[in-house]
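# Predicted structure and sequence below. I'll ask about it afterward.
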Amino acid sequence: MTGHLKLRIHVSEPFDFERIAGTAELTGWTVDHGDPENEEWEVHLDDGFDFHGRRVSRLLASPRYVGEHIARMFDAIAGFPVRLAHQDEGSWHYAFTGMISERRERDKEPDNGASI
């Protein structure tokens, strides 16, 4: 069985997403990365959000641009551009865009001498 891949998603559109949902930074996980044939990944959110009267706890992430594969996320430095869909009455509805990246947890932030 493939382990959970922890992800971080920064939603950039719609422009007022942060106001509506309370945050623009989402965290979650997927196991869909284990199959290289998957062109979309279902992301289970750690903490869901409310959007237009509905609770969203899962997103479907796919490449934002034609001809790209979501596995390119592993090669990206600052994130990979994605389209994001939420379920609406049983089907996926694309409503957001953003950047997705692998989430690495740290026990403590490194001391780079810049802290106050």
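Good, I have the coordinates.
# Show me what counts as buried in the host helix or strand of residue 58.
Using DSSP states H and E, residue 58 sits within strand 54-63. Going by neighbour count (16 or more other C-beta atoms under 10 Å), the buried part of strand 54-63 is 56, 59-63. C-betas here are computed from N, CA, C, even on glycine.
# Pairing partners for the spatially closest residue to residue 60 that is not a sequence neighbour in the sheet, please.
Sequence neighbours aside, residue 85 is the residue nearest to residue 60 in space, at 4.2 Å (criterion: C-beta to C-beta, 6 or more residues apart in numbering). Here residue 85 sits in beta bridges with residue 60, residue 94, going by DSSP bridges.
# Next, count neighbours for residue 85.
When neighbours are defined as other C-beta atoms under 10 Å, residue 85 has 20 of them.
# can I assume it is in contact with residue 93?
Yes - counting by C-beta atoms under 8 Å, residue 93 is a contact partner of residue 85 at 5.7 Å.
# Same list (the buried residues of strand 54-63) but as JSON lines, adding pLDDT and distance to residue 40.
Shown next, in JSON lines, are those (pLDDT from 0 to 100; distance: C-beta to C-beta, whole Å):
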{"residue": "56", "pLDDT": "94", "distance to residue 40": "16"}
{"residue": "59", "pLDDT": "96", "distance to residue 40": "10"}
{"residue": "60", "pLDDT": "96", "distance to residue 40": "5"}
{"residue": "61", "pLDDT": "96", "distance to residue 40": "7"}
{"residue": "62", "pLDDT": "95", "distance to residue 40": "4"}
{"residue": "63", "pLDDT": "94", "distance to residue 40": "9"}
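# Tell me the one among those nearest to residue 34.
Distance ranking of the buried residues of strand 54-63 against residue 34, using C-beta to C-beta, places residue 61 first at 14.9 Å.
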